[in-house]
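Asks: From the sequence below, what's the structure:
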Amino acid sequence: MSLVELLAQADERGLAASGLACLDRCVPLLGGDDEVLRPLWAGLVDDGEGWGEKVAKARGELASSDADADASAAVGAGAASASGADVVLLARRMLDAVPDERSGDALRAWAEVCSVSALRIHQLLDPLDAGGEDSVADCRAGRTEGASHLVAAELRRQVVVLELLAQHGAAGVRQALGVATEGRRVLRAVVSRRARGAGR
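Replies: Numbers count the residues shown, from 1 in each chain. Okay, here's the model as predicted:
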């Protein structure tokens with residue numbers, strides 16, 4: 001089943017986990033602490049009470065423009081295919097789009113934004129990927145021919161998160177968090193390599 005199909009079938013918890021996992025993997029681009037979204041993850045096992053307050057707190061902690069500037073410089077220095085500012089802007093877009101209420105339509109729109117943005121971020125960070133937004137759409141629809149390693153790995157993570165929540169409900173949240181954590185380490189390593197390469 002394609003990512004688009006999985007998102008279409010996901011319930012509210014699945015949509016929230018999907019969007020949150022995408023955003024969590026990209027937290028290094030916003031200069032955020034690894035634990036900044038943990039309260040939102042914890043909230044996925046209940047009925048969504050206090051979601052808005054947790055969203056506001058996370059936004060406040062990630063609101064530093066200096067952190068954005070530092071991350072932008074790290075990922076963009078020396079890049080020929082994309083600027084760091086573009087990548088950080090996509091990560092910021094995911095954060096800004098988090099709905100204040102954990103309800104169906106808003107969550108679905110956010111999950112879509114996060115899915116596309118996270119794949120595009122990984123595409124822009126991969127010097128071997130010359131694709132554009134059309135190839136991201138193809139990947140989400142299940143047409144993965146020519147996808148770079150980074151993009152294919154991010155696509156797999158998005159699919160796994162949705163499958164975990166579809167199969168296990170609230171019991172799948174912990175495993176989904178593990179998938180997000182693994183992806184965050186990968187992205188941080190990619191950013192670090194780019195920064196070192198640009199400094200040579």
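
Asks: neighbours of Ser115, just the number please.
Replies: Using other Cβ atoms under 10 Å, Ser115 has 26 other residues around it. Every residue, glycine included, has its C-beta placed from N, CA and C.

Asks: give me the low-pLDDT residue ranges for the chain?
Replies: Across the chain, the ranges flagged by pLDDT under 70 are 64-83, 130, 197-200.

Asks: what's the single longest helix in this protein?
Replies: Using DSSP state H, we find that the single longest helix of the chain is helix 173-198.

Asks: can I assume Arg93 is in contact with Val116?
Replies: No - contact status for Arg93 versus Val116: not in contact, 9.6 Å apart, counting by Cβ atoms under 8 Å.

Asks: Mind telling me what element the residue most central in space within the chain is part of?
Replies: For the chain, the residue nearest the mean C-alpha position is Cys22 (2.1 Å; Cα atoms, centre = their mean). Applying DSSP states H and E as the criterion places Cys22 in helix 12-25.

Asks: Name the residues of that helix that are buried.
Replies: Within helix 12-25, the residues scored as buried using 16 or more other Cβ atoms under 10 Å are 12-25.

Asks: now those residues as a markdown table including distance to Gly52?
Replies: Listed next are the buried residues of helix 12-25 as a markdown table, based on distance: Cβ to Cβ, whole Å:
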| residue | distance to Gly52 |
| --- | --- |
| Glu12 | 15 |
| Arg13 | 16 |
| Gly14 | 20 |
| Leu15 | 16 |
| Ala16 | 13 |
| Ala17 | 17 |
| Ser18 | 19 |
| Gly19 | 15 |
| Leu20 | 14 |
| Ala21 | 20 |
| Cys22 | 20 |
| Leu23 | 16 |
| Asp24 | 18 |
| Arg25 | 23 |
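
Asks: Going by distance to Gly104, which of these wins?
Replies: The shortest gap between Gly104 and any of the buried residues of helix 12-25 belongs to Glu12, at 5.5 Å (Cβ to Cβ).

Asks: dump the residue contacts of the closest one.
Replies: Applying Cβ atoms under 8 Å, 6 or more residues apart in numbering to Glu12 gives the contacts Gly48, Arg102, Ser103, Gly104, Leu107.

Asks: Show me which pair in those residues is furthest apart.
Replies: Within the contacts of Glu12, Gly48 and Gly104 form the most distant pair, 11.1 Å apart (Cβ to Cβ).

Asks: Of these two, which one has the most company?
Replies: Legend: neighbour count by other Cβ under 10 Å for Gly48 and Gly104, higher for Gly48 (16 against 13).

Asks: Give me the secondary structure label for that one.
Replies: What DSSP: H, G, I helix; E, B strand; the rest coil gives for Gly48 is coil.

Asks: Can you tell me, leaving aside adjacent residues, what's nearest to it?
Replies: Spatial nearest neighbour of Gly48, excluding adjacent residues (Cβ to Cβ, 6 or more residues apart in numbering): Arg102 at 3.7 Å.

Asks: so the one you found sits right up against Ala16, yeah?
Replies: Yes - at 5.8 Å, Arg102 counts as touching Ala16 under the criterion of Cβ under 8 Å.
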